[in-house]
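Trainee: what's the 3D shape of this:
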Amino acid sequence: MADEDENKQKKHTIESLFHLYANNNINTLDLENETYETILLSQIDFWLDQAKLLKTVFTMTDTGMAYMKFKKWRLDFEEFLDFLNMICQGKEIKIDDVKKALLEAGPPGGGTEIVVVK
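Mentor: As a prediction, the model looks like this:
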C-alpha cells in the first residue's frame, strides 16, 4: 500500500509551478538544456496574467517596482515568495488568495498535466 502512495501522482504546488514558469519562454540566446532555479520578472508577469491577476489586481508597475527592490535579474523561490508579499502590501488581496490563483492557473499555457511531486 505504501508503494501505491509513493507512486501516486499529485497536483502541482506553488514551488513546482515556479520551476515550470522559471523555465518557460527562455530567450533563445540562453544555453540550450539549461534548467533555471530562478525566475525573471517577465515570467512572473506571464504567470500573474495567466492567473488573471495582472491588470486586475496588480499592474506591471506594481510588479516592476517590487522586483527592482531585489537588485538582481532572477529571483529564487524564497525571493519569489517575498516578492508576492511585497506586491500584496497595500492591496485588498491576501497572499493566500494570490497563491491559490497561481495554483489554479496551472502550468504555462494553461495545461492540465499532472506531475509527480517528491
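
Trainee: Contacts only, for the residue at minimal distance from the centre of the chain.
Mentor: Centroid check for the chain by Cα atoms, centre = their mean gives residue 18 as the closest residue, at 3.8 Å. Contacts for residue 18 (Cβ atoms under 8 Å, 6 or more residues apart in numbering) come out as 39, 77, 80. To be clear about C-beta, it is placed using only N, CA and C from the backbone, and glycine gets the same treatment.

Trainee: Quick check, pLDDT for residue 12.
Mentor: Looking at residue 12, its pLDDT is 87.

Trainee: in stretch 79-99, what's buried?
Mentor: 80, 81, 83, 84, 86, 87, 88, 98, 99 (16 or more other Cβ atoms under 10 Å).

Trainee: what does the model give the fourth one for pLDDT?
Mentor: Per-residue confidence (pLDDT) for residue 84: 98.

Trainee: going forward can the numbers begin at 31, since that is how I track them
Mentor: Sounds good: first residue 31 from here, last item residue 114.

Trainee: And it, which helix or strand is it part of?
Mentor: helix 107-118 (DSSP states H and E).

Trainee: For that helix, which helices and strands make contact with it?
Mentor: helix 44-52, helix 90-98, helix 125-135 (3 or more Cβ pairs under 8 Å, 6 or more residues apart in numbering; DSSP states H and E).

Trainee: Just the residues contacting it, thanks.
Mentor: Contacts for helix 107-118 (Cβ under 8 Å, 6+ apart): 45, 48, 67, 69, 74, 88, 92-93, 96-97, 99-100, 105, 124-125, 128-129.
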